[in-house]
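Enquirer: Here you go, sequence then predicted model.
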Amino acid sequence: MSKKRKLGRNEKCTCGSGLKYKKCCDNPLRNQNSKNPKFSLQYIPTEVLKAIERHKANEAIRQQQQGFGKPIIAEKFNGQQLVAVGNTIYHSPKWKTFPDFLSYYLKKTLGAEWGIAEIKKPLTERHSIMQWYEEYCHFQRQYTEKDGELYRAPATGVVYCYLGLAYNLYLLKHNVGLQELLVKRLKNVGQFQGAYYELIVANCLIRAGFDLVLEDETDRKSKHCEFAAISKRTGERYSVEAKMRSVVGILGKDLNDGTQNSDATSELIKHINAALRKPADDKRLIFIDLNTDPDLKGDQPTWLERAARKLETKEKNLEENQRAYVFVTNIPFHRTLRDQSTGHAALAHGLGIDDFAKPGHYRLSEIYKQKQKHRDAHDILSAFKTYTQLPSTFDGSLPSVAFSNHSERIVIGETYFFEDIDQKGVIGTVTTATVNEIEKNIYFIIKTEDSKSLILTKPMSDDELIDYKNHPEGFFGSVQSPPKKTNNPYELFEWMLNTYKNTPKERLLEFMKEHPDLETLKTLSQEDLAITYCERCVGVLLEKQKEDGNA
């Protein structure tokens, strides 16, 4: 009797799909159009599908907290909280939050001997890090009622300085590797500022989804950029240069290596020219921090217009093939240690790149396509805007759940017993949920065992409301597109496109069947058709608003 040969996973599937077996009938998550319905999603148990949806929602929450680098690796074991960083495992029974660990990790990385030596000095003569430490201890005493108990406190500049530095070091060690020379530079007063800003840049690149390749810091024979960054999204490789303006009396700088010029942009072009002189085989990312107070003119930094004008002037005298994505930042937390208003800002500019971050009038579709073309730069800019987001939980879960013994999270697809209904109580499965932020209530629909639908409400705690505002997409355990306030026509266009991007071409054509150029629309791809449809919808809405305003 002959024995049937087992099909190899890398061989073509026998169902005729043309795919490898491992990506076809050996894959239990094939779509519903599979030629082999045995492996269609409709045959996967409901509990498995629920678990997949829950994982997607939880992963969305984790990525919003931690970014797109390696996840925090942590576990509870025998009363100890374990945290893995690179190839090292740290543990303590005292860490209840991730910031608890970060505070320990910074001390461990810098070394107790160095810290003790600094503390013996008068406060004004201590290293900037140890001045931050003193202020952070004051911050903790201000809000801690009892040792070992959890507390909520408004984050101030010192939190972003002290714990932010710890998080930057953690991210670099966990995702790439921490060079001993970088730690030495941090502890050296004269080199601290440069190393500190490089870590801020590394943080943003890692969270934005880049793999970093560190340069040999001991190589003094040739000039080189700080490090290289490779985008996980596009595969593009970039050479990275990061510089911060040195100011007398700030971050350890004095008259020998700092400026007293009050113009925050005084060193901008000098730093850009120095960065462009560094050899680079890849595309360039140049980061320049202005190191100034967070002064605002309306809702814009006072330095923004001056920086933009200088960058536009620099455009006129670029050498051939000189191009770079330039990010002018101001990360002023060290200037506002007790201030809750962060005031951090970033300006992007495409130096020698005509279609990135340049002033002008563009159609919504043009803005969108430019954004897709320069996706990496936009991701970096978003990471700078969210630099102040420090993870509080070890596993990326919602703080209102992780740190509460009584908060019961409403999850779509889960079944609960609602004891306050019809005196006897009702068992029902949550099918839909939404939040009224003004009322601080959750409105949700349940389907009972006898197939009735009921609308119920549940009050939200302050912590739950904060979590919902931070993570609306995954808050209910299922990835959703919650109502969103759009601040300008492009945000409305992007929101609509996210809604219609997977709508079949035939359906989109049906929406536009009365349009005079229907035959031309039929020649567009599904993606271009969705873009065109959303752009025209926004145009109609704006025209209607204009008419109503003139009525």
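Expert: Here it is on my side, so go on. Residues are numbered from 1 along each chain as shown.

Enquirer: What number of residues are in the vicinity of S461?
Expert: Residues within reach of S461, counting by other Cβ atoms under 10 Å, total 13. Backbone N, C-alpha and C define where each C-beta goes, glycine included.

Enquirer: and D254, how far is that from V248?
Expert: Distance, D254 to V248, using Cβ to Cβ, to the nearest Å: 6 Å.

Enquirer: let me redo that: E414
Expert: Here E414 is placed at a distance of 60 Å from V248 (Cβ to Cβ).

Enquirer: cool, K458 as well?
Expert: 56 Å.

Enquirer: before we move on, what about D420?
Expert: 66 Å.

Enquirer: list the helices and strands the strand or helix carrying Y170 packs on?
Expert: Under the criterion of DSSP states H and E, Y170 resides in helix 157-175. Packing contacts for helix 157-175, counted by 3 or more Cβ pairs under 8 Å, 6 or more residues apart in numbering; DSSP states H and E, involve strand 80-85, helix 98-110, helix 128-143, helix 189-207, strand 210-214.

Enquirer: What mean pLDDT does the first one get?
Expert: When pLDDT is averaged along strand 80-85, the result is 96.

Enquirer: on that earlier part again, settle it for me: which of D420 and V248 has more neighbours?
Expert: Neighbours around D420 and V248, counted as other Cβ under 10 Å, are more numerous at V248. The numbers are 13 against 8.

Enquirer: Apart from its neighbours in sequence, what residue is nearest the more buried one?
Expert: Nearest non-adjacent residue to V248, counting by Cβ to Cβ, 6 or more residues apart in numbering: G258, 3.9 Å away.

Enquirer: if I look at that neighbour, how far off is N188?
Expert: Applying Cβ to Cβ, the value for G258 to N188 is 15 Å.

Enquirer: So between those two, which is more surrounded?
Expert: More neighbours surround G258 than the other of G258 and N188, with 18 against 13 (other Cβ under 10 Å).

Enquirer: and N58, what does it touch?
Expert: G396, S397, G474, G477 (Cβ atoms under 8 Å, 6 or more residues apart in numbering).

Enquirer: What is the longest helix along the chain packed up against?
Expert: Criterion DSSP state H: the longest helix present in the chain is helix 526-550. When contacts are defined as 3+ Cβ pairs under 8 Å, 6+ apart, helix 526-550 packs onto helix 364-373, helix 489-500, helix 505-511.

Enquirer: Now do E75, the pLDDT please.
Expert: On the pLDDT scale, E75 gets 95.

Enquirer: do the same with A153
Expert: The model's pLDDT for A153 equals 83.

Enquirer: which phi and psi does it have?
Expert: Backbone torsions of A153, given as degrees, to the nearest 10, read phi -140, psi 150.

Enquirer: Measure how buried the nearest residue to it once chain neighbours are set aside is and give me the count.
Expert: Nearest residue to A153 in three dimensions, chain neighbours excluded: Y143, at 3.9 Å (Cβ to Cβ, 6+ apart). Per other Cβ under 10 Å, the neighbour tally for Y143 reads 10.

Enquirer: Make sure Y143 is actually in contact with T156.
Expert: No: shown here, Y143 and T156 do not form a contact pair, counting by Cβ atoms under 8 Å, at 10.3 Å.

Enquirer: does K485 sit in a helix, a strand or a coil?
Expert: Following DSSP: H, G, I helix; E, B strand; the rest coil, K485 is assigned to coil.

Enquirer: Show me what stretch 65-75 is in contact with.
Expert: When contacts are defined by Cβ under 8 Å, 6+ apart, stretch 65-75 is touched by residues 62, 81-84, 98, 101, 171, 174-175, 206-209, 232, 383, 389, 391-396, 471.

Enquirer: Low-confidence ranges, the stretch 401-550 of the chain, go.
Expert: 406-407, 550 (pLDDT under 70).

Enquirer: For the closest residue to F210 other than its chain neighbours, list each beta-bridge partner.
Expert: Nearest non-adjacent residue to F210, counting by Cβ to Cβ, 6+ apart: A229, 4.2 Å away. Assessed by DSSP bridges, A229 has beta-bridge partners L212, Y238.

Enquirer: quick one, what contacts A229?
Expert: With contact taken as Cβ under 8 Å, 6+ apart, A229 is in contact with L205, F210, D211, L212, V213, R237, Y238, V240, L285.

Enquirer: Quick check, the third one in contact with K232.
Expert: Yes: here D211 lies in contact with K232, judged by Cβ under 8 Å, at a distance of 6.5 Å.

Enquirer: how much space is there between V183 and K173?
Expert: To K173, V183 is 10 Å away according to Cβ to Cβ.

Enquirer: likewise S404?
Expert: Plainly put, S404 is 31 Å away from K173 if you go by Cβ to Cβ.

Enquirer: rewinding a little: which stretch among the helices and strands packed on helix 526-550 comes nearest Y197?
Expert: Closest approach to Y197 among the helices and strands packed on helix 526-550 (Cβ to Cβ): helix 364-373, 26.6 Å.

Enquirer: Show me how the chain divides into domains.
Expert: Split into domains by automatic domain parsing, the chain comes to 21-66, 73-385, 405-470, 489-550.

Enquirer: Now render the ones you listed as JSON lines, adding distance to P483.
Expert: Formatted as JSON lines, these follow (distance: least, Cβ to Cβ, whole Å):
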{"stretch": "domain 21-66", "distance to P483": "17"}
{"stretch": "domain 73-385", "distance to P483": "21"}
{"stretch": "domain 405-470", "distance to P483": "8"}
{"stretch": "domain 489-550", "distance to P483": "10"}
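
Enquirer: ok, and which of those domains has the densest surroundings?
Expert: Among the domains of the chain, domain 73-385 has the highest mean neighbour count (mean count of other Cβ atoms under 10 Å), at a mean of 17.

Enquirer: Any idea which residue is closest to the centre of this protein?
Expert: The C-alpha lying nearest the average C-alpha coordinate of the chain belongs to G67 (Cα atoms, centre = their mean; 4.4 Å).

Enquirer: max-length strand in the protein?
Expert: strand 426-436 (DSSP state E).

Enquirer: What are the boundaries of the helices in the stretch 351-500 of the chain?
Expert: Counting by DSSP state H, counting those that start in this stretch, the stretch 351-500 of the chain has helices at residues 364-373, 375-385, 399-402, 462-470, 489-500.

Enquirer: quick one: pLDDT of the closest residue to G413 other than its chain neighbours?
Expert: Counting by Cβ to Cβ, 6+ apart, the nearest residue to G413 once its immediate chain neighbours are dropped is K50, at 4.9 Å. As predicted, K50 sits at a pLDDT of 84.

Enquirer: isn't K50 right up against T415?
Expert: No: if you go by Cβ under 8 Å, K50 and T415 don't touch, sitting 10.6 Å apart.

Enquirer: hmm, back to that, which among the contacts of N58 gets closest to N488?
Expert: Nearest to N488 among the contacts of N58 is G474, at 25.6 Å by Cβ to Cβ.

Enquirer: And for the closest one, the neighbour number?
Expert: Neighbours around G474, by other Cβ under 10 Å: 21.

Enquirer: Quick one: residues contacting it.
Expert: Residues counted as contacts of G474 (Cβ under 8 Å, 6+ apart) are K56, A57, N58, E59, A60, I61, Q64, Q480.

Enquirer: I appreciate the help and will end here.
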